[in-house]
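*Asks:* Sequence below, structure please.
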Amino acid sequence: MSLLERITTRRAELSDQAQHLAKQLAEVEGELERMSVAEQVVTQMLAADDLADPEHATATAGFMMIPYRHQADGPDDLPADYQLLLNTVADANGALICKDICRAAGLSTEPGPVEGTRAKLNRLAERGWLRKTPAGSFARMS
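*Replies:* Take a look at the predicted model:
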C-alpha cells in the first residue's frame, strides 16, 4: 500500500470516527436536556406541594430554587449561573435572543446547551427577573 493510499484510508477512518462521536455527543446532549427538564418538573411539583401543605413541606435543599424577584433581596439570592445570565442581559443594549446571550456569556452555542440556557432564561422571566418579548428574546426589566 502506498503512502497516499494509507493517508486516504486513515482519513476515511477518522472521518467515520468523527461522525460517530458527533452522533454520540448529540445523544448525550439530548439526555442532558431531558434530565434538566425532569429536574425542573420535580422542583415545580415539590414547590407546589410545599405551598399546598406548608406544615409538611418537603426539604428542597438539593434542588435549585429560583425565587420570585419580589421575594428576593436581590440578584445575589440567585445561583451563580442564573446571575451570569441576568447580568449578561442587563449589560446588553436591548433584547437578545438566547443564542446571543450564550455567546455574550461565554457559554456553548450548540443546540443542547442553548436549550438548557433558554429554560433558565424562561424561568427568570416567569419569576420577574427578566422580560420576555413577544418575539422570544429576553430583556432586562424596566
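*Asks:* need the next SSE after the helix or strand where residue 16 lies, C-terminal direction.
*Replies:* Using DSSP states H and E, residue 16 sits within helix 3-52. Using DSSP H and E, the helix or strand that directly follows helix 3-52 along the chain is helix 80-91.
*Asks:* export that following helix as PDB, just CAs?
*Replies:* This file holds the C-alpha atoms of helix 80-91, laid out as PDB (Å, rounded to 0.1, in the frame of the first residue of the first chain):
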ATOM      1  CA  ALA A  80     -24.200  31.800  40.100                       C
ATOM      2  CA  ASP A  81     -25.300  30.500  36.600                       C
ATOM      3  CA  TYR A  82     -28.600  32.500  36.800                       C
ATOM      4  CA  GLN A  83     -26.700  35.600  38.000                       C
ATOM      5  CA  LEU A  84     -24.400  35.300  34.900                       C
ATOM      6  CA  LEU A  85     -27.400  35.200  32.600                       C
ATOM      7  CA  LEU A  86     -29.200  38.100  34.400                       C
ATOM      8  CA  ASN A  87     -26.000  40.200  34.300                       C
ATOM      9  CA  THR A  88     -25.400  39.400  30.600                       C
ATOM     10  CA  VAL A  89     -28.900  40.600  29.700                       C
ATOM     11  CA  ALA A  90     -28.600  43.600  31.900                       C
ATOM     12  CA  ASP A  91     -25.400  44.600  30.200                       C
END
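*Asks:* By mean pLDDT, point me to the weakest helix or strand of the chain.
*Replies:* helix 3-52 (a mean of 85; mean pLDDT, DSSP states H and E).
*Asks:* Can you give me the domain boundaries for this protein?
*Replies:* The chain resolves into domains spanning 1-65, 67-142 when parsed by automatic domain parsing.
*Asks:* Which of those domains has the highest mean neighbour count?
*Replies:* domain 67-142 (a mean of 16; mean count of other Cβ atoms under 10 Å). C-betas here are computed from N, CA, C, even on glycine.
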